[in-house]
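Colleague: I would like to see how this sequence folds:
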Amino acid sequence: MLQTLSNFKDGEVVLLQDICRKVAIHLMVNQLLGVSSQSEVNEMSQFFSDFVDGCLSVPINLPGVTYHKAMKARKEIISKINKTIKKRLQNKAASDTAGAGNGVLGRLLEEESLPNESMADFIINLLFAGNETTAKTSCK
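Modeller: Prediction:
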C-alpha cells in the first residue's frame, strides 16, 4: 500500500477502483504464490489484467480479439505458476529442513495431494475470484 501511495504525483487524478484492483492483485500474488519480487508481481498483474478483460468479452479465439489475448495470458500465468512450483519442489528436495515456501501454493505443495495442473488452476481461480470482488468492495 505504501509503495502504491508513494508513486502518486501531486495533482494527479487517480481512479480509486484501478488503484484498489492493483493493490489487491499485488497482495493476492504475494499471498497465494509467495512471490514478493516487484517485477514478478507486476508481470503477473499485467497477465492477469489481460486474462480478466478477456473473460468478460465475447469468446472468439482469433488473433487480435480480446478473448484470444486472455487465453494467451492464462497460459502465461499457468506457466509462471508451474515454474514457481518446480522451483519450490527443487528447493524442498535440496534441503529436507526447508518447506515448500510461503503462501497458499507453499501449503498446497506441503500437502502433496494435488497434481501440479490442479494447483495452478486452483491458484488462478482464487486470483480471479478475489480480484474483482476485492477491488469493487474496497471502493464502495
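Colleague: does residue 84 really touch residue 35, like I thought?
Modeller: Yes - if you go by C-beta atoms under 8 Å, residue 84 and residue 35 touch, sitting 6.9 Å apart. C-beta: built from backbone N, CA, C; applies to glycine.
Colleague: Make sure residue 104 is actually in contact with residue 120.
Modeller: No - with contact defined as C-beta under 8 Å, residue 104 does not count as touching residue 120 (12.0 Å).
Colleague: Looking at those two, which has the bigger crowd around it?
Modeller: residue 120 (21 against 16; other C-beta atoms under 10 Å).
Colleague: what residues are up against that one?
Modeller: Residue 120 makes contact with 78, 81, 82, 85 under the criterion C-beta atoms under 8 Å, 6 or more residues apart in numbering.
Colleague: and it, what element?
Modeller: helix 116-138 (DSSP states H and E).
Colleague: what helix or strand is the most centrally placed residue in the chain on?
Modeller: Geometric centre of the chain, nearest residue: residue 29, 4.3 Å, by C-alpha atoms, centre = their mean. For residue 29, the enclosing helix or strand under DSSP H and E is helix 16-33.
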